[in-house]
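# any chance you can model this:
(one chain, ligands or ions: 3)
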Amino acid sequence: MNALPPLAASQTRPPAARRLHVVTWGCQMNVYDSGRMADVLAPLGFGPAASAEDADMVILNTCHIREHATEKLFSELGRLRRLKEARAAAGTRMLLAVAGCVAQAEGAEILRRAPYVDIVLGPQTYHRLPEMIAEAEHGGRAVIATEFPPESKFDHLPEAAMPAGGVTAFLAIQEGCDKFCSFCVVPYTRGVEASRPAEAVLAEARALVAAGAREITLLGQNVNAWHGDAPAGGEWNLARLLRALAEIPGLLRLRYTTSHPRDMDDALIAAHGDLPMLMPFLHLPVQSGADRILAAMNRRHTGADYLRLIERLRRARPDIALSSDFIVGYPGETAAEFAATLDLVREVGFAQAYSFKYSPRPGTPAATAPGQVPEPEKEARLAALQALLAAQQQTFNASLVGRRIGVLVTGRGRHRGQIAGRSPYLQAVHLDGPESLIGHEIEVTIAAAGPRSLAGERRAANEEHAAA
Ligand code: SAH
Ligand code: SF4
Ligand code: F3S
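Residues are numbered from 1 along each chain as shown. Ligands and ions are numbered 1, 2, ... in the order given. Okay, the predicted model is just below:
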């Protein structure tokens, strides 16, 4: 099954309004994909539902990265089954779909354990949702689509529609991964690396800005491996694409995530130095500080390579703040090797980071490797690493107190009269101010720092004095 078939007559006109509820787990790519699935279904008359209880269709957009992610799916499916049965008893139908990386990896198993699911679809088939719905509604059988179709879903999805007023937006430019880190399911669930053409990315970025976006985060499982067709022939790299995006009027900020250390090339490092709107924050997963573990993980870089890279980035953009991913308790990791990870963390000084206990994933080489680390040991290592990372985050946040920084105001704050925004370093900032500032980048003095967010004031301390 290839391109989308022509729409059936009943699909060209929106039927009576139906309500869609999408639950999203996993990475930002899944957040983006959930939005695109809603875009595909809008022409069929689907509008947003506040909860599964109010919905005519529920899509669970799943993540397979660690074990508990899969278990979350089956427990949520159990709850939805009861909802679906109650609906059927009342004579109405609720469609239940499972999308995302668990769907891709375990499609048949999902239907075996949860035969009441109507549709199972992998991440490369979202553009085919309308035909799958028609098939599920009229055929009465579960529909499963987990192949990697020859066409790109990006060529068939409608332009991203954005909720009015969204100041920050994601834009997927690359999908899939050819790196095959020995612990990771992503190459199996997302398929081979594919880059969208530059023109398609630029067009989507312009549409997002027209809809109100002021900050765009480019997404990809290996976003810095992006190399796409250039508008006038030839090929661009990510640095060149960022330079073109930086010229879009009205766009204030650019970010990209997630990068692999091996694909941080000179041009991209240079872009951090001379593109002011490329925010000084980079998520660059290192996973471990021990070279033997990095080799076993098939990361193809050493701890020293990573440190050199950080040094070059800091030379290009001295205020760049760094984030990373870590795995503790990889098979065979000794106490000394874990200590090497702590050393690397101390050496870099991260602004924030994510850390995980190694979770064996079916079908990946590490799952059957000897020397699986006992659970209590993994827990202890994770606690030690997280304590160090939390202290570094607190130190970084505190270092901004008293400084004046640009804050992009993204929405209302928690309390009346408060607004919320984002610092260049991806921290949440809360301050007093009018809602008319939403969508603007303003200068803010940081007054206080918490573990995960900052409090700011619009006036500098000297202006405060003058106004008093
Ligand atoms: N390059 C990817 C990484 C995706 S997975 C990206 O676009 O984000 C995100 C993180 O999950 C990885 O960096 C890794 O730290 C963690 N991870 C992946 N597989 C894992 C596993 N089997 N167990 C524990 N953590 C894992
Ligand atoms: Fe997974 Fe490694 Fe690819 Fe990242 S680079 S998605 S960790 S295989
Ligand atoms: Fe999870 Fe798939 Fe993203 S496994 S992290 S949703 S690519």
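# please make it C-alpha for all contacts and neighbour counts, starting now.
Noted.
# give me the mean pLDDT for the longest helix seen in the chain.
Of all the segments of type helix in the chain, defined by DSSP state H, the longest one is helix 375-399. Average pLDDT, helix 375-399: 98.
# mind checking the SS state of the closest residue to ligand 3 within the stretch 301-450 of the chain?
Closest residue of the stretch 301-450 of the chain to ligand 3, Cα to the nearest ligand atom: residue 361 (10.4 Å). Following DSSP: H, G, I helix; E, B strand; the rest coil, residue 361 is assigned to coil.
# for it, which non-adjacent residue is spatially closest?
Nearest-residue entry for residue 361: residue 367, 5.7 Å, with adjacent residues in sequence omitted and distances by Cα to Cα, 6 or more residues apart in numbering.
# can you report how many residues lie near the one you found?
18 (other Cα atoms under 10 Å).
# tell me the pLDDT of it.
pLDDT, residue 367: 97.
# in the longest helix of the chain, what's buried?
378, 381-383, 385-386, 388-398 (16 or more other Cα atoms under 10 Å).
# quick one: that helix near ligand 1?
No. If you take Cα under 6 Å from any ligand atom as the test, helix 375-399 misses ligand 1, and the best it gets is 10.8 Å.
# the following helix or strand past that helix pairs with which strands, and in what direction?
Later in the chain than helix 375-399, the nearest helix or strand by DSSP states H and E is strand 404-412. If you go by DSSP bridges, strand 404-412 pairs up with strand 418-422 (antiparallel), strand 441-449 (antiparallel).
# buried ones in the first one?
Translated: strand 418-422. 419-422.
# which of those residues are close to ligand 1?
Okay, of the buried residues of strand 418-422, nothing touches ligand 1 (Cα under 6 Å from any ligand atom).
# next to ligand 1, which bits of this structure? Give me the list.
Residues of the chain lying near ligand 1 (Cα under 6 Å from any ligand atom): 65-66, 183-184, 220-222, 258, 285, 287, 325-327, 356-361.
# so which of those are in helices?
Among those, no member lies in helices (by DSSP H).
# now the buried members of these.
65-66, 183-184, 220-222, 258, 285, 287, 326-327, 356-361.
# coming back round to it: against which helices or strands is the longest helix of the chain packed?
strand 321-328, helix 335-348, strand 352-357, strand 441-449 (3 or more Cα pairs under 8 Å, 6 or more residues apart in numbering; DSSP states H and E).
# which strands and helices lie in contact with the longest one?
Right, helix 335-348. Here helix 335-348 touches helix 303-316, helix 375-399, going by 3+ Cα pairs under 8 Å, 6+ apart.
# now do it, average pLDDT.
98.
# burial check on residue 447, number of neighbours?
Residue 447, neighbours per other Cα under 10 Å, totals 19.
# scratch that, residue 364
With other Cα under 10 Å as criterion, residue 364 counts 17.
# residue 372 should be in a strand, yeah?
No. Counting by three-state DSSP, residue 372 is not found in a strand; it is coil.
# what does it show for phi and psi?
phi -60, psi 130 (degrees, to the nearest 10).
# quick check: the closest residue to it other than its chain neighbours vs residue 238, distance?
Leaving aside its sequence neighbours, residue 372 sits nearest to residue 331 (Cα to Cα, 6+ apart; 4.4 Å). Applying Cα to Cα, to the nearest Å, the value for residue 331 to residue 238 is 34 Å.
# also residue 322?
Residue 322 is 19 Å from residue 238, by Cα to Cα.
# do the same with residue 384
36 Å.
# please give me every residue in contact with the closest residue to ligand 1 within the stretch 101-250 of the chain.
Nearest residue of the stretch 101-250 of the chain to ligand 1: residue 221, at 3.2 Å (Cα to the nearest ligand atom). By Cα atoms under 8 Å, 6 or more residues apart in numbering, the contact list for residue 221 reads 29, 174-177, 186, 257-259.
# farthest pair within these?
The two members of these with the most space between them (Cα to Cα) are 186 and 257, at 15.0 Å.
# for residue 139, which of the helices and strands packed on helix 335-348 is the nearest?
Here helix 375-399 is closest among the helices and strands packed on helix 335-348 (Cα to Cα), at 46.2 Å.
# which residues touch the closest one?
Under Cα under 8 Å, 6+ apart, the answer for helix 375-399 is 328-329, 338, 342, 345, 349-353, 355-358, 448-454.
# tell me the gap between that helix and the middle of its chain.
Helix 375-399 sits 22 Å away from the centroid of its parent chain (Cα atoms, centre = their mean, to the nearest Å).
# give me the neighbour count for the residue nearest to residue 37 when sequence neighbours are not counted.
Sequence neighbours aside, residue 126 is the residue nearest to residue 37 in space, at 6.3 Å (criterion: Cα to Cα, 6+ apart). A count of nearby residues for residue 126, using other Cα under 10 Å, gives 23.
# okay, residue 126: pLDDT?
Looking at residue 126, the pLDDT reads 93.
# pull the contacting residues for it.
Residue 126 touches 37, 40, 153, 157, counting by Cα under 8 Å, 6+ apart.
# do the same with residue 408
421-423, 438-442 are the contacts of residue 408 under Cα under 8 Å, 6+ apart.
# quick check: angle from the longest helix of the chain to strand 352-357?
Put simply, helix 375-399 runs at 180 degrees to strand 352-357, going by axes from the mean of the first three to the mean of the last three Cα atoms, to 10 degrees.
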